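Q: Need a 3D model of the sequence below.
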Amino acid sequence: MVAVLVGFASALEPGFAAADTAILAPGTTFQDCSVDCPVMISIGPGSFQMGSTVAEEEKEKITGLAPTYPTPRHLVSIHYEFALGKFDVTRAEFAAFVRETHYRSGDDCIGYVTGARFSPGSTGLNWRNPGFGQTDRDPVVCVNWADAHAYLAWLSSRTKERYRLSSESEWEYAARAGSTVSRYWGDRITEACLYADVRDISFLSKAKLQPGLGDHFDCSDGYPYTAPVGEFRPNEFGLYDMLGNVRQLTEDCWNHGFTHSYVGAPADGSAWTSQVCMYGVTRGASFDETPSYERVSFRSYQALEIRSNTSGFRVARSFE
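A: Numbers count the residues shown, from 1 in each chain. Purely as a prediction, here's the structure:
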C-alpha cells in the first residue's frame with residue numbers, strides 16, 4: 001500500500017501526499033493509511049551504548065536483582081532503517097481492529113481501580129473498562145502479547161506492510177534519540193512532568209498513597225492514570241511518551257534464565273528470542289512507577305499472558 005506523508009497537501013486527500021516509504025529520510029512522519037493507522041516516524045541506522053553503567057545504578061539507588069537487568073552496557077549497531085509509532089497504540093486504533101475483526105480479548109486484566117491500590121489478582125477489567133476513565137486518544141491498556149500480535153497481523157494485512165513489535169534494542173535506540181543520560185530530557189528529574197505521565201503528586205493523591213522518600217516525581221502532570229498520547233514533549237526523534245504513561249511490550253523474551261542481564265544478547269538490533277519464551281520484556285515504565293524505573297535503560301518483564309492496565313504497546317514497521 002502506498003504510504004502518505006503527514007502534513008503535506010495533495011490531491012489525494014487534504015493533509016496527505018503519496019510517498020515511497022522505502023526511501024524516506026530519517027525523521028519523516030507518515031501513515032500507511034489515513035484512517036485508523038498509527039502515525040509512524042522513520043528511524044535511521046546508527047550505533048549506541050545499550051544499558052546502564054554501575055554508576056547510574058548506584059545513583060538511582062537500585063537494589064536487589066534489578067541493577068543487573070540493564071547490564072553489561074554494550075555496543076549495538078543497527079544497520080537498517082525502520083519506523084516506530086509516534087505514539088502508543090490508542091484505544092481508538094485498537095477499537096477499529098476489534099470492530100473489523102470481532103476480536104475478543106479477556107476480562108482478566110489486573111491493576112489499578114480508580115482510587116485504590118494495585119490489585120495483583122484478576123479484577124474482571126478489560127481494554128474497554130480498565131478501571132479508570134480514558135479517552136479514545138489514551139493508550140490502549142489491558143492487552144497482552146497475543147492481543148498485540150493479533151492487532152499487528154490485522155494492520156499488516158490491511159496495509160500490505162510488515163508491522164511488528166520493536167525489538168528491545170530498537171526501542172532503546174529510539175528512546176535515547178542520541179542522548180546518553182538516564183532520561184531523554186536529561187538527568188533533571190524535576191522536568192519529568194513536562195515530558196511524561198509519571199508517578200507524581202497527581203497519581204499519589206488519586207491512588208490515596210502517602211509520598212515516600214524518592215518514590216515519586218515532585219511535580220504534577222495533571223493525569224493520575226493514563227494520559228492522552230502526545231500531551232507531553234517528545235524526544236529528539238519526535239517520539240512521544242517513550243517514558244511513562246504505559247509500559248510498552250517488545251518482541252524480546254526475558255532470556256538467560258535468572259541471570260537477568262544482557263549476557264548473550266544480540267548486538268545488531270534484532271529481538272532476543274533464543275529461549276523458550278514465558279516472559280516478555282517491557283520498556284518505558286508507566287504512570288505508577290518510581291523515578292528509578294523511569295529511565296531509558298530500565299527494563300522489566302511480564303508473563304506473556306498477563307493483561308495489566310499499566311501496559312500497552314507501540315508498533316514498529318520494517319522497510320523491505
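
Q: so after the lowest-mean-pLDDT helix or strand in the chain, what's the next helix or strand?
A: Least confident element among the helices and strands of the chain, by mean pLDDT, DSSP states H and E: strand 16-19 (a mean of 39). The helix or strand immediately downstream of strand 16-19 is strand 29-31, counting by DSSP states H and E.

Q: Strands along this structure, start to end?
A: For the chain, the strands defined by DSSP state E occupy 3-6, 16-19, 29-31, 40-43, 46-50, 74-78, 82-85, 163-165, 247-253, 279-283, 299-303, 311-313, 315-318.

Q: Switch the ones you listed over to JSON lines; also include distance to residue 190.
A: (C-beta placed from N, C-alpha, C; glycine too.) As requested, these are arranged in JSON lines below (distance: least, CB to CB, whole Å):
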{"stretch": "strand 3-6", "distance to residue 190": "33"}
{"stretch": "strand 16-19", "distance to residue 190": "39"}
{"stretch": "strand 29-31", "distance to residue 190": "30"}
{"stretch": "strand 40-43", "distance to residue 190": "28"}
{"stretch": "strand 46-50", "distance to residue 190": "26"}
{"stretch": "strand 74-78", "distance to residue 190": "30"}
{"stretch": "strand 82-85", "distance to residue 190": "28"}
{"stretch": "strand 163-165", "distance to residue 190": "32"}
{"stretch": "strand 247-253", "distance to residue 190": "23"}
{"stretch": "strand 279-283", "distance to residue 190": "23"}
{"stretch": "strand 299-303", "distance to residue 190": "24"}
{"stretch": "strand 311-313", "distance to residue 190": "26"}
{"stretch": "strand 315-318", "distance to residue 190": "32"}
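
Q: rank those by mean pLDDT and give me the bottom one.
A: Of all the strands of the chain, mean pLDDT reaches its minimum on strand 16-19 (a mean of 39).

Q: Break down the stretch 1-150 of the chain into its helices, ranges please.
A: Assigned by DSSP state H, counting those that start in this stretch, the helices in the stretch 1-150 of the chain fall at 54-59, 91-101, 145-159.

Q: mind checking how far residue 210 is from residue 204?
A: 7 Å (CB to CB, to the nearest Å).

Q: right, and residue 218 touches residue 190 too?
A: Yes - between residue 218 and residue 190 there is a contact under CB atoms under 8 Å: 6.9 Å.

Q: In terms of neighbours, single out the busier of those two.
A: residue 218 (13 against 9; other CB atoms under 10 Å).

Q: For residue 166, see how far away that one is.
A: 31 Å.

Q: wait, what's in contact with the residue nearest to residue 94 when sequence neighbours are not counted?
A: Of all residues not flanking residue 94 in the chain, residue 140 sits nearest, at 4.1 Å (CB to CB, 6 or more residues apart in numbering). Counting by CB atoms under 8 Å, 6 or more residues apart in numbering, residue 140 makes contact with 88, 89, 90, 91, 93, 94, 127, 312, 313.

Q: Which pLDDT value goes with residue 140?
A: Residue 140 is given a pLDDT of 98.

Q: next one: phi and psi at it?
A: Note on residue 140: its backbone torsions stand at phi -70, psi 140 [degrees, to the nearest 10].

Q: any idea how far it lies from residue 66?
A: Relative to residue 66, residue 140 is positioned 27 Å away (CB to CB).

Q: circling back to that earlier point, which of the contacts of residue 140 has the most neighbours?
A: Highest neighbour count within the contacts of residue 140: residue 312, with 31 neighbours (other CB under 10 Å).

Q: Mind checking which of residue 210 and residue 204 has more residues around it?
A: Remark: of residue 210 and residue 204, residue 204 carries more neighbours, 18 against 6, as counted by other CB under 10 Å.

Q: who touches that one in this structure?
A: Residue 204 is in contact with 210, 211, 216, counting by CB under 8 Å, 6+ apart.
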